[in-house]
Structures are given as structure tokens and as C-alpha cells.
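**Student:** heads up, no residue letters with this:
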């Protein structure tokens, strides 16, 4: 099959943004409903748009005056975004597993260290 006939299974950034826009529109129409918030945050986490989600919630919260209950909902969503972002950073920054040659070198170094301490102890006890 020629390359130009292959269809990408990944959505384009424009599509991801359009989905985020549609999900945010659902939130704007009924901000007290929990489902649209969860769908929006889930989509933003999967499509690397948590920064956009945080921006939208901050702006929406700043526009609210006198609606303490809704401001609290937006504060909770901002906390959830921060938690998701930190969790993602933890996963992305795990050290890669050591390759076989590096493991062999580690084992050899440990063996040399143990042998050196044993020889030192033996020399001191004589």
C-alpha cells in the first residue's frame, strides 16, 4: 500500500482542540454537571492539553462573582489538573532501566568493592 494511502490513527492537533472546544461548550452550558467536567479533563489529559484546561478554568473562575459554590467547583477542577500534570511528570521522568552492559559493570564494581573490603579486613586482623 503506498504511503499516501495510509491513514493516520492519531488525531490531528486541530481535531483535538475542536473536541476540547465542544467539551468546554458542554461545561459552559451546565457548569454544575459533573460529567462534562470529567470528560473535558480526561480528553485534555489524553491529548496533552492540561495547560489549556487550566487556562480555561482560571478564566471562567475569574469571571464568576458571587457564585461561591461554582467557584469551589472550578477550584476543585484546577486542583485535579495540577494532580494530573504532576502524575504525568512523574511517569515521564522515570529513569530508564539500565542496559545489560551497565548492569554487568555494576556487578563487577560491587564485587571489586566487596573483595577490597575483605582484603582490608584480613590485613588489619593479621
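**Tutor:** That came through, no problem. As the structure is a computational prediction, the values presented were derived from the model and not from experiment.
**Student:** going forward, measure contacts and count neighbours with C-alpha atoms only.
**Tutor:** OK.
**Student:** report all helices and strands that the lowest-mean-pLDDT helix or strand in the chain contacts.
**Tutor:** The least trusted helix or strand in the chain, going by mean pLDDT, DSSP states H and E, turns out to be helix 68-92, with a mean of 85. Counting contacts by 3 or more Cα pairs under 8 Å, 6 or more residues apart in numbering; DSSP states H and E, helix 68-92 packs against helix 34-46, helix 50-63.
**Student:** list the buried residues in the longest one.
**Tutor:** Using 16 or more other Cα atoms under 10 Å as the burial criterion, the residues of helix 50-63 that qualify are 50, 53, 54, 57, 58, 61.
**Student:** quick check: residue 85 touching residue 50?
**Tutor:** Yes - Residue 85 is within contact range of residue 50, at 7.0 Å (criterion: Cα atoms under 8 Å).
**Student:** can you pull out the low-pLDDT segments for the chain?
**Tutor:** Along the chain, the parts satisfying pLDDT under 70 run over 1-11, 91-94.
**Student:** and the residue most central in space within it, how far is that from residue 59?
**Tutor:** By Cα atoms, centre = their mean, the chain has its centre lying nearest to residue 88, at 1.7 Å. The gap separating residue 88 from residue 59 is 23 Å, by Cα to Cα, to the nearest Å.
**Student:** equivalent analysis for residue 99, please.
**Tutor:** 47 Å.
**Student:** who's in contact with residue 73?
**Tutor:** residue 32 (Cα atoms under 8 Å, 6 or more residues apart in numbering).
**Student:** what does the one 4 residues further on give?
**Tutor:** By Cα under 8 Å, 6+ apart, residue 77 lies in contact with 37, 57.
**Student:** that one and residue 38, how far apart?
**Tutor:** Residue 77 is 9 Å from residue 38, by Cα to Cα.
**Student:** just residue 15 next, same as before
**Tutor:** In terms of Cα to Cα, residue 15 sits 19 Å off from residue 38.
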